[in-house]
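Q: One predicted model, sequence on top.
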Amino acid sequence: MASLLHRLLPTTLRRPGFADLSFVVGAPTRVGDQSATLGAAGSIAFLVPGMVVGSGGHTSILRLGTWLASLGHRITYVSYDGRTLEKLERRAGVNLTGWQGRMMTWQAFLQERPRFDVGVATKWDSCYQLLRHQACFGRKAYFIQDYEPWFFPRGDEQLLAEQTYDMGLHHLSLGGWNLERIRAELGIGGGDVIDFPVDLRQFPLVRRPLRHGRTLRLAVYIKRDAKRAPALLSLMLQSVAEGFRARGVATEVRIFGMRSARATFPVGENCGTLRTPAIKDLYAWADFGVVASLTNVSLVNYEMLACGLPVIDLRGGSAPFFFDDAEMLFARPQPDGLEEVLREAWGREEALAAMVGRAQDKIRDRQWTWEQAARQFEAALRRPFQAAPPAGGRPPAGRAGVR
């Protein structure tokens, strides 16, 4: 049916630049039986869109799966993007050394039709694949790492991404912000929260002295994704460099997170994607870490804080949902917003160290670790689950149907 639809589509809709949405053809819109629960040594399949080197989302899935494997569960990562097994395994090893579980290609999945106690969608399009093959899974869940409809302009992909939250899947959200957005935007409630974790084995909590000299050093996390505000951050860095130069302070910026180290910026050195040892060295070098979390907060915020680095994120994004003004600095989303915050914070080393200490206390006291996240994930899947009735795409009360 999908290939038939592809042939019937107008030629213009099959040209590069238009998303191929044929995978939704024939997929159910609601989940079936959800009475299954996870046993003591259950089988869990994560449906993943390949394995992208340097992807925080893919690495989080590997970390979660590895900890679930350490709890005795049998973990499989089923890739539906057509990559070879060798490539999937190699890329997983780059993202997380010592990952546990096994990779399975889509071809092998379709041939073997294995049965899993739990199937977990990990991206909006994987929800359609999960429902299409739901006979292979007991509990059908959705590990929600972000509010993905906001990844797209208003249009077909955004609408299809919104509908995944109304499929009756068991929502397991990384942090509570996603569930809040789903309720606010779509009027759909329910779901379980998995607390945002830090890998304290790789990023142990460190209290470090902060000393500001004649050079301002910034570690800036930038990706091409609009949700990371690459263009705005670039403008902000220019304003910072100009403002501090006028005060007689040099600015040195190291940018990381870009898949290509060849991209250039008006201000700053592009370091590309970095492995954990290099990231820790970068955090130790910097005076401040800068991140833009316009959708769900980045794990980078937590890792910077664990390494004792004061963090600046954007006000108006999701970071204030997780940290308050006593734990993190927030900049106005304007070209001069970052320079404004840095101007006020520069030279206040003791206050900044106390701010980082409060954030670290929160991470430690609330046990925001991957082990704790895996145990929360496991506990949620062991509880009985009842899918909410379909919302039918209606907006919540008080919101207009057309946005």
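A: Here it is on my side, so go on.
Q: Residue 88 contacts residue 107, correct?
A: No. Counting by C-beta atoms under 8 Å, residue 107 is not a contact partner of residue 88; they are 11.9 Å apart. Where C-beta positions appear, they are placed from N, C-alpha and C, glycine not excepted.
Q: between those two, who's got more neighbours?
A: Remark: of residue 88 and residue 107, residue 88 carries more neighbours, 21 against 12, as counted by other C-beta atoms under 10 Å.
Q: That one: which element?
A: Element membership for residue 88, per DSSP states H and E: helix 85-95.
Q: elements contacting the helix or strand just after that helix?
A: Downstream of helix 85-95, the first helix or strand assigned by DSSP H and E is strand 102-105. Using 3 or more C-beta pairs under 8 Å, 6 or more residues apart in numbering; DSSP states H and E, the elements in contact with strand 102-105 are strand 74-79, helix 85-95.
Q: from the middle of its chain, how far away would strand 102-105 be?
A: Computed by C-alpha atoms, centre = their mean, to the nearest Å, the chain-centroid distance of strand 102-105 equals 22 Å.
Q: Show me which residues of it are buried.
A: Within strand 102-105, the residues that count as buried by 16 or more other C-beta atoms under 10 Å are 103, 104, 105.
Q: Over to stretch 366-377?
A: Neighbour-count burial for stretch 366-377 flags 368, 369, 370, 371, 373, 374, 375, 376, 377 (criterion: 16+ other C-beta under 10 Å).
Q: got CSV for those, with distance to residue 57 and secondary structure too?
A: Below are those laid out as CSV (distance: C-beta to C-beta, whole Å; DSSP: H, G, I helix; E, B strand; the rest coil):
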residue, distance to residue 57, secondary structure
368, 18, coil
369, 19, strand
370, 14, helix
371, 20, helix
373, 14, helix
374, 17, helix
375, 21, helix
376, 18, helix
377, 15, helix
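Q: Name the nearest of the residues you listed relative to residue 139.
A: residue 377 (11.7 Å; C-beta to C-beta).
Q: correct me, but residue 315 touches residue 333?
A: Yes. Using C-beta under 8 Å, residue 315 and residue 333 qualify as a contacting pair, with a distance of 6.9 Å.
Q: picking up where we left off before, and the helix holding residue 88, how far out from the chain's middle?
A: For helix 85-95, the distance to the chain centre is 19 Å (C-alpha atoms, centre = their mean).
Q: relative to strand 74-79, how tilted is it?
A: Put simply, helix 85-95 runs at 110 degrees to strand 74-79, going by axes from the mean of the first three to the mean of the last three C-alpha atoms, to 10 degrees.
Q: Can you spell out which helices and strands pack onto helix 85-95?
A: Short answer (3+ C-beta pairs under 8 Å, 6+ apart): helix 85-95 packs on helix 56-70, strand 74-79, strand 102-105.
Q: how about residue 98, what does it touch?
A: Residues in contact with residue 98 (C-beta atoms under 8 Å, 6 or more residues apart in numbering) are residue 66.
Q: separation between it and residue 276?
A: According to C-beta to C-beta, to the nearest Å, residue 98 stands 12 Å off from residue 276.
Q: pLDDT score assigned to residue 226?
A: At residue 226, the model reports a pLDDT of 87.
Q: residue contacts, it?
A: With C-beta under 8 Å, 6+ apart, residue 226 has these contacts: 151, 294.
Q: do the same with residue 289
A: Neighbours of residue 289 in contact, by C-beta under 8 Å, 6+ apart: 218, 219, 220, 221, 283, 300, 301, 304, 309, 310, 311, 312.
Q: Please report phi then psi for residue 216.
A: phi -90, psi 120 (degrees, to the nearest 10).
Q: so what's the backbone phi/psi at the residue lying closest to it once chain neighbours are set aside?
A: Of all residues not flanking residue 216 in the chain, residue 251 sits nearest, at 4.8 Å (C-beta to C-beta, 6 or more residues apart in numbering). Taking degrees, to the nearest 10, you get phi -120, psi 130 for the backbone angles of residue 251.
Q: ok, now how distant is residue 251 from residue 236?
A: Relative to residue 236, and taking C-beta to C-beta, residue 251 is found at 12 Å.
Q: The two: who's more crowded?
A: Neighbour count, other C-beta under 10 Å: between residue 251 and residue 236, residue 236 has more, with 29 against 20.
Q: Name the helix or strand for the more buried one, please.
A: Using DSSP H and E, residue 236 falls in helix 230-246.
Q: now that helix: how far from the chain's centre is it?
A: Here the centre of helix 230-246 is set off from its chain's centre by 26 Å, with C-alpha atoms, centre = their mean.
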